[in-house]
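Trainee: heads up, no residue letters with this:
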DNA sequence: CGTGGCAGTTTGTCCAGGACAATGAGCATG
DNA sequence: CATGCTCATTGTCCTGGACAAACTGCCACG
């Protein structure tokens, strides 16, 4: 594995895969079919991608994950791709203005100001509404700004870091009675590194009186099943971001469902498309964050009926 | 992408890659050269790996990352692989006993007890010595226990999660004067998802009076350079875990060094082998955590001399 | 007019078997 | 003992083809 110089010089296919998220096989087949990317070759005949190639690949992947088709996208320029990005909704209400203020501080690199604004949001609206409204709107806005090329990658990293910090701090302040029910095991599938959704869910679940245990991201299914058994979990909750493939999410959830005892519920939430269809497979889809309190109430109702 | 059923049934080569961490190309070439793994085929001729194959692959990868060679390992059984794992050092001193106590709670799934023990360690020894001695020894012990098959993957996840929680909490309690110097930008290279080392470094740096800004893991080099410029960083600090390749680490550090202004120092720490050689490339290697206060003092000395 | 099934197209993943550059090991020489 | 050289080991990349799953558009039917 050589890292070459992704900043100035050309990247190998492996580096292009890591930086863009598009697998090697797919890069080669796109080249064959659509003529993009069209990398030069080094002395050994290995492909060399430019930074601009990788930048365009990232945009393409974001749009494909949002439902577009590669054949339509490959011929477009980088600015035309940005034009296809979903338009940022105008800021009309209070949350919208708050989101704009946060984005503004992010763009001006005012890290402390951003953190203060996040923290102030919690105090002003309470943690539950903050997570459900402000955080949800803000992460969407940041994602859209990134796809549209109005935000650097490092600015997104910075944003995530500050949000994690504030949410973790809030979570530490909540009471966590050890005997609370349901006991919820939180994690993501392998290949899904985004842990922010997990943290948001943990906030709402803990607020709702559940006992949360987070494994962090990327736990293999048999390990999830093992952990659920060891910790006597009533519910396993998964988070799938919008970047995660629909088919992969369904296959993973179905597989995990098969490995869990029938008495353990499986919940799945996040921005991933087609989540609602999971209901057929014995998985409870949480299409938006407001479904979490509902799901908790549902579990408690069922548990109470079983008691009798 | 199908996820199949890694718990019960056979896995495709892509799933085997995701679950074992060994790339597809390497799986095929190992099969050709060493005869392991020897997957069956489905009707279409695609490889089908068993769960046992993947389990052995995980162990092999762990040992290879620790310096063993694949040709020696491929012929061994799963128990012989476990026997090759480094022996856990006997617990003689106070830290050793504390580590044993923590491992014990982890194995008994006493999450609250583990967190209390971690927290108590901070109070008893102070954050600086806690991070330098206890956390360093504990993470090493957990890594060894995992390679030796004495710890499940999910137990390791659980451990990391609790440690992150406690360290983040401690960090929130530290004063962070906005004007403090040096200003340190923290992150890892793409392909290095482990953020624990980053968090430990952030603790020690903040204790040492530096102003830290963490980007979280996996920031591309040009983005690091951009962030360093935007935030007027005096130092960029990278963390490379033991899983990260030596050559890749060097190439990445050298590349980044070239993109940073000469007045910005570049520090690199972590368990990655061959880190010390980076000194030739204008990178300051931090071979163990105790080097961090030293590096800070060195920067302050140089900065003071420049003032005059 | 809506709905379900069917053929055609698009798309991602996998295969074989060869090649090569970088790393590490073993050995000879100063 | 240190340094340099050669050889074996190892991971990554190549080509060009194949195929199954998902999605499209179309038509017939209720």
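Mentor: Perfect, thanks for sending it. Quick caveat: nothing in here was measured; it's all calculated off a predicted structure. Numbering: from 1, shown residues only, chains lettered A, B, ... in the order given.
Trainee: show me the shaky parts of the stretch 101-250 of chain A.
Mentor: A:243, A:245-247 (pLDDT under 70).
Trainee: that one: strands as residue ranges?
Mentor: A:183-187, A:211-214, A:235-239 (DSSP state E, counting those that start in this stretch).
Trainee: quick one: closest of those to chain B.
Mentor: strand A:211-214 (5.4 Å; C-beta to the nearest C-beta). To be clear about C-beta, it is placed using only N, CA and C from the backbone, and glycine gets the same treatment.
Trainee: neighbours of the residue lying closest to residue A:34 once chain neighbours are set aside, just the number please.
Mentor: Leaving aside its chain neighbours, residue A:34 sits nearest to residue A:74 (3.7 Å; criterion: C-beta to C-beta, 6 or more residues apart in numbering or on different chains). The number of residues packed near residue A:74 is 16, by other C-beta atoms under 10 Å in any protein chain shown.
Trainee: same check, this time on residue A:297
Mentor: So residue A:297, with other C-beta under 10 Å, has 11 neighbours.
Trainee: double-check that it belongs to a helix.
Mentor: Yes - under DSSP: H, G, I helix; E, B strand; the rest coil, residue A:297 falls within a helix.
Trainee: check it and give its pLDDT.
Mentor: pLDDT recorded at residue A:297 is 97.
Trainee: list the residues that contact residue A:293.
Mentor: For residue A:293, the contacting residues are A:204, A:208, by C-beta atoms under 8 Å, 6 or more residues apart in numbering or on different chains.
Trainee: now do residue A:119
Mentor: A:166, A:169.
Trainee: how far away is it from residue B:166?
Mentor: Residue A:119 sits 21 Å away from residue B:166 when distances are taken as C-beta to C-beta, to the nearest Å.
Trainee: one more: residue A:271?
Mentor: Counting by C-beta to C-beta, the gap from residue A:271 to residue B:166 is 30 Å.
Trainee: what do you get for residue A:294?
Mentor: 32 Å.
Trainee: for those two, work out which one has more neighbours and name it.
Mentor: Counted by other C-beta under 10 Å, residue A:294 and residue B:166 do not tie: residue B:166 has more neighbours, with 22 against 12.
Trainee: separation between the spatially closest residue to that one that is not a sequence neighbour and residue B:106?
Mentor: Distance criterion C-beta to C-beta, 6+ apart; nearest residue to residue B:166, sequence neighbours excluded, is residue B:118 at 4.5 Å. Between residue B:118 and residue B:106 the computed distance is 11 Å (C-beta to C-beta).
Trainee: kindly report the same for residue A:244.
Mentor: 29 Å.
Trainee: residue A:140 now?
Mentor: Taking C-beta to C-beta, one finds residue A:140 at 37 Å from residue B:106.
Trainee: which of these two has more neighbours?
Mentor: Neighbour totals were compared for residue A:140 and residue B:106, and residue B:106 leads with 24 against 16 (other C-beta under 10 Å).
Trainee: I figured that one hits residue B:151, correct?
Mentor: Yes - contact criterion C-beta atoms under 8 Å: residue B:106 and residue B:151 qualify, at 7.3 Å.
Trainee: surely residue A:134 touches residue A:95?
Mentor: Yes - contact criterion C-beta under 8 Å: residue A:134 and residue A:95 qualify, at 5.8 Å.
Trainee: if you count what's nearby, which of those two comes out ahead?
Mentor: residue A:134 (21 against 18).
Trainee: residues contacting the more buried one?
Mentor: Taking C-beta under 8 Å, 6+ apart as the test, what residue A:134 contacts is A:95, A:98, A:99, A:121, A:125.
Trainee: which one of those is nearest residue A:21?
Mentor: For those, the minimum distance to residue A:21 (C-beta to C-beta) is 26.0 Å, reached by residue A:99.
Trainee: any residues touching the helix or strand that contains that closest one, and which ones?
Mentor: Assigned by DSSP states H and E, residue A:99 falls within helix A:94-107. With contact meaning C-beta under 8 Å, 6+ apart, helix A:94-107 is reached by A:89-91, A:113-114, A:117-118, A:121, A:133-134, A:137-138, A:141-142, A:145, A:151, A:155, A:158-159.
Trainee: buried stuff in it?
Mentor: For helix A:94-107, burial by neighbour count (16 or more other C-beta atoms under 10 Å in any protein chain shown) applies to A:95, A:98, A:99, A:102, A:103, A:105, A:106.
Trainee: which one of those sits closest to residue B:181?
Mentor: residue A:105 (22.5 Å).
Trainee: would CSV of the strands of the stretch 101-250 of chain A with mean neighbour count and distance to residue B:39 be doable?
Mentor: Formatted as CSV, the strands of the stretch 101-250 of chain A follow (neighbours: other C-beta atoms under 10 Å in any protein chain shown; distance: least, C-beta to C-beta, whole Å):
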stretch, mean neighbour count, distance to residue B:39
strand A:183-187, 26, 28
strand A:211-214, 21, 34
strand A:235-239, 27, 28
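Trainee: domains of chain A?
Mentor: Per automatic domain parsing, the structural domains of chain A span A:13-84, A:94-172, A:183-307.
Trainee: contacts only, for the spatially most central residue of chain A.
Mentor: Nearest residue to the geometric centre of chain A (C-alpha atoms, centre = their mean): residue A:241, 3.1 Å. If you count contacts by C-beta under 8 Å, 6+ apart, residue A:241 has them with A:192, A:194, A:197, A:270, A:271, A:272.
Trainee: leaving aside the residues next to it on the chain, what's closest to it?
Mentor: In space, residue A:241 is closest to residue A:194, 4.2 Å off (C-beta to C-beta, 6+ apart).
Trainee: could you measure from the spatially closest residue to residue A:47 that is not a sequence neighbour over to residue A:52?
Mentor: Of all residues not flanking residue A:47 in the chain, residue A:39 sits nearest, at 4.0 Å (C-beta to C-beta, 6+ apart). Computed as C-beta to C-beta, the residue A:39 to residue A:52 distance reads 11 Å.
Trainee: between these two, which has more neighbouring residues?
Mentor: More crowded of residue A:39 and residue A:52, by other C-beta under 10 Å: residue A:39, with 20 against 10.
Trainee: could you pull out the helices for the stretch 1-150 of chain A?
Mentor: A:13-20, A:24-34, A:51-65, A:70-74, A:78-84, A:94-107, A:111-125, A:127-129, A:136-147 (DSSP state H, counting those that start in this stretch).
Trainee: ok, the second one near DNA strand D or not?
Mentor: So that's helix A:24-34. Yes - using C-beta under 7 Å from any atom of the strand, helix A:24-34 reaches DNA strand D at A:24, A:28, A:29.
Trainee: got a list of what residue A:137 touches?
Mentor: Taking C-beta under 8 Å, 6+ apart as the test, what residue A:137 contacts is A:95, A:96, A:99.
Trainee: relative to DNA strand C, which of the residues you listed is nearest.
Mentor: residue A:99 (31.1 Å; C-beta to the nearest atom of the strand).
Trainee: longest helix in chain A, please.
Mentor: helix A:153-172 (DSSP state H).
Trainee: chain B contacts on the stretch 101-250 of chain A?
Mentor: A:109, A:111-112, A:152-155, A:157-158, A:160-161, A:164-165, A:168-169, A:172, A:178, A:187, A:189-191, A:193, A:213-216, A:219-227, A:230-231, A:245, A:247-248 (C-beta under 8 Å from any C-beta of the partner chain).
Trainee: mind checking which of those are buried?
Mentor: A:109, A:111, A:152-155, A:157-158, A:160-161, A:164-165, A:168-169, A:187, A:189-191, A:213-216, A:219-227, A:230-231, A:245, A:248.
Trainee: so what's residue A:128 closest to, chain neighbours aside?
Mentor: residue A:207 (5.3 Å).
Trainee: right, and that neighbour touches residue A:174 too?
Mentor: Yes - using C-beta under 8 Å, residue A:207 is in contact with residue A:174, at 6.8 Å.
Trainee: who touches both of the two?
Mentor: Joint contacts of residue A:207 and residue A:174 (C-beta under 8 Å, 6+ apart) are residue A:127.
Trainee: which of those two has more neighbours?
Mentor: With neighbours defined as other C-beta under 10 Å, residue A:207 and residue A:174 compare such that residue A:207 has more, 18 against 12.
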